[in-house]
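Colleague: coordinates for the following, if possible.
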Amino acid sequence: MEIVLWSSSTVIQPHFLTRQSPILSNTAIAVPTNPPRRRTASIQTSPYATEPKSPQTSHSSNSSSRFSSARRAAIAELKRGPKLDSALHRLGEILELQDLNGILRYFGEQRRWQDASQLFDWMREQEKINFVSYSSFIKYMGKARNPKKALEVYNSIQDESTRNHVSICNSILSCLVKSGKFESCIELFDKMKKSGLQPDEVTYSTLLTGCINYKDGFLKALKLVQELKENGLHMDGVIYGTLLAICASNNRCDEAEAFFQKMKDEGVSPNEFHYSSLLNVYSIDGNYTKADGLVKDMKSAGLAPNKVTLTTLLKVYVRGELFEKSRELLVELERLGFAADEMPYCLLMDGLAKAGRIPEAKAIFDEIEQKGVKSDGYSHSIMISAFCRTGCLEEAKQLARDFEARYDKYDLVMLNTMLRAYCKAGEMESMMQMLKKMDEFKISPDWNTFQILIRYFCKERLYQLAYRTVVDMHSKGHQLDEEIASVLIVQLGKTGAPSEAFSVYNMLRFSKRTMCKALHEKVLKILVAGGLLKDAYVVVKDNAKRISPHSLKKFAISFMKTGNVNLINDVLKVVHSSGHRIDQEVFDVAISRYIRESEKKERLLQLLHWMRGQGYKVDSSSRNLLLKNSHLFGRHVIAETLSRPQRMLMM
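Modeller: Below you'll find the model as predicted:
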């Protein structure tokens, strides 16, 4: 569910509902009644956005050409006709560029993406195209969430001046932002500037929008604002509103207040949206004192709190756990006609549920049902999650089935919620149905989806299924949770799957995070028990100092017995360099192994030299064994080596 923050040439659409908490997000939710006007015109109002006109000889001849009945009929047929190919073949010649651009915009507004693509491709083939065509089509591909097609079109533009036209650049940047590809958007923006783009306020507003849900969005936003000023551009109400939304999503209360005050100091009068955005910042920690003061300031400025403002204030009260005051405000919202949908009820319900007041939350849920409040199913999501958290699995399962019977639409939040309910209740068949729904609706699983499934498979002791889910999760770029990964590694080891355990370990190891020290030793034990000594050596080589002497000794003895004989000396050096003194038993096993494989006599001699150089002695039993088999290596060589005094020798 998306809430449009404001609209000029750029539409800002942060997600109001987050995965973790479908209702209590920190993202600004304001929808201004009268959005602030930009000082810089958008593509719709820019003089550059109008169609190029040929010189007029007379008003009557121009009118006759522009509004000829043949053209009007052709436009109408193309708009309604199902066979676009044949219609373009018959009628394309009589249509002018502005007609085709108008039809393209019509298809876009009607969300007829396939027709828009077909018409645009025909326009390119016929070379009946201009920058307005490119800008419009790329914009609609952004709305269609098809950044691949948009980038393909943008990259196909050969003319440099067209390619660097600010309206086209703004459209492709906006497309990438809407598709969640903010890093790619910034990379492309940098290339555009090097190629000659002169960004305007709309460009920076678009980029700032991408900062709202970006990990390091606040710091990136500051850099963009600095760059905007260096280019001689000015902050307007839209940009200040975006900055407030960024502060909310990044928990930056002090900075939000500073931006709000700076906006007023610069003569930009805050509207309902700006007040609501700052209220949303206060909702982060439930600062109802500041929130109440801000609402008073808003009224003093002659602005009446609207639906968004009061709903955001309700969120502040809920976060501050002022549930009685929240209930009173909900009644006021009902009186004003601002509670026709479930959102305000869900805010209070979610707060009560997370505070452990499940019966009160359920009462709000029942109230939504009794009053016939318009619902998209998020009230179900909240209560299902609440029941799962408190162990009321039968109630959660029943609500999930109720949702399935009532609603014919799903999103990732709801699917994850229901998946969690069925997994906790052990309903594998229902869980599989949810996964099929995810495929049917072409909804990609997120980190939460994978975690739910991995935990469920581990609980049901389906460790190979859990492993395959981990592999799939990793391949899609999601980071593993170390706690559940550690559990899975141990269980895979116990069930005779050491190579799979090592694979999960490597996924964690290469995820650029600090791992629990104990995990290295757990993996080493699994690999040694499973006979994967070469992999065990990799673990020891990188983490010997984090492994206990007992486990190192057990590994070393196993390696001396059956590991790669060519790596025996390397293994001993690694153990020694970790600060652990090598046990004499380990040397005895190594010497016995070399005697059995006499073709490796050079390595045996190197080992004996190294031992004496490091202060290790050859005990009597190994000495006798060496002398007994000295004919295999050369009697005088063995005798000479054993008789040398202890000193540092180079291998």
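Colleague: my guess is residue 96 meets residue 74, correct?
Modeller: No - between residue 96 and residue 74 there is no contact under CB atoms under 8 Å: 10.4 Å. All C-beta atoms are positioned from the backbone trio N, CA, C, and that covers glycine.
Colleague: neighbour count winner among these two?
Modeller: Legend: neighbour count by other CB atoms under 10 Å for residue 96 and residue 74, higher for residue 74 (21 against 14).
Colleague: show me what contacts that one?
Modeller: Residue 74 makes contacts with 91, 94-95, 99, as judged by CB atoms under 8 Å, 6 or more residues apart in numbering.
Colleague: could you rerun that using 6 Å?
Modeller: By CB atoms under 6 Å, 6 or more residues apart in numbering, the residues touching residue 74 are 91, 94-95.
Colleague: which among those residues gets closest to residue 178?
Modeller: residue 95 (30.1 Å; CB to CB).
Colleague: spatially, what comes nearest to the closest one if we skip its sequence neighbours?
Modeller: residue 74 (5.8 Å; CB to CB, 6 or more residues apart in numbering).
Colleague: so what's that neighbour scoring on pLDDT?
Modeller: Listed pLDDT for residue 74 reads 87.
Colleague: just say helix, strand or coil for it.
Modeller: Recorded secondary structure, residue 74: helix (DSSP: H, G, I helix; E, B strand; the rest coil).
Colleague: mind starting the numbering at 558 from now?
Modeller: Got it, first residue is 558 now, which makes that one residue 631.
Colleague: for residue 931, phi and psi?
Modeller: As for residue 931, its main-chain torsions (degrees, to the nearest 10) stand at phi -60, psi 130.
Colleague: so what's it bridging to?
Modeller: residue 898 (DSSP bridges).
Colleague: let's verify residue 965: helix, strand, or coil?
Modeller: Three-state assignment for residue 965 (three-state DSSP): coil.
Colleague: got the phi and psi for it?
Modeller: Dihedral angles for residue 965 - degrees, to the nearest 10 - are phi -120, psi 30.
Colleague: next one: it from residue 1119, what distance?
Modeller: As for residue 965, its distance to residue 1119 is 61 Å (criterion: CB to CB, to the nearest Å).
Colleague: of those two, which one has the most company?
Modeller: residue 1119 (11 against 6).
Colleague: could you report the pLDDT at that one?
Modeller: Residue 1119 is given a pLDDT of 93.
Colleague: apart from its neighbours in sequence, what residue is nearest it?
Modeller: residue 1090 (6.7 Å).
Colleague: what ranges of the stretch 558-707 of the chain fall below the confidence cut-off?
Modeller: Along the stretch 558-707 of the chain, the model assigns pLDDT under 70 to residues 558-624.
Colleague: try it again with 50
Modeller: 558-617, 619-620, 623 (pLDDT under 50).
Colleague: go on, the chain?
Modeller: Using pLDDT under 50, the chain drops low at 558-617, 619-620, 623, 1203-1208.
Colleague: repeat that with 70
Modeller: 558-624, 1069-1070, 1191-1192, 1194, 1196-1208.
Colleague: and residue 1017, how many neighbours does it have?
Modeller: 13.
Colleague: give me the distance between it and residue 1011.
Modeller: 11 Å.
Colleague: who's in contact with stretch 1100-1117?
Modeller: 1074, 1077-1078, 1081, 1085, 1090, 1093, 1128, 1131-1132, 1135, 1137, 1140, 1143, 1146-1147, 1150.
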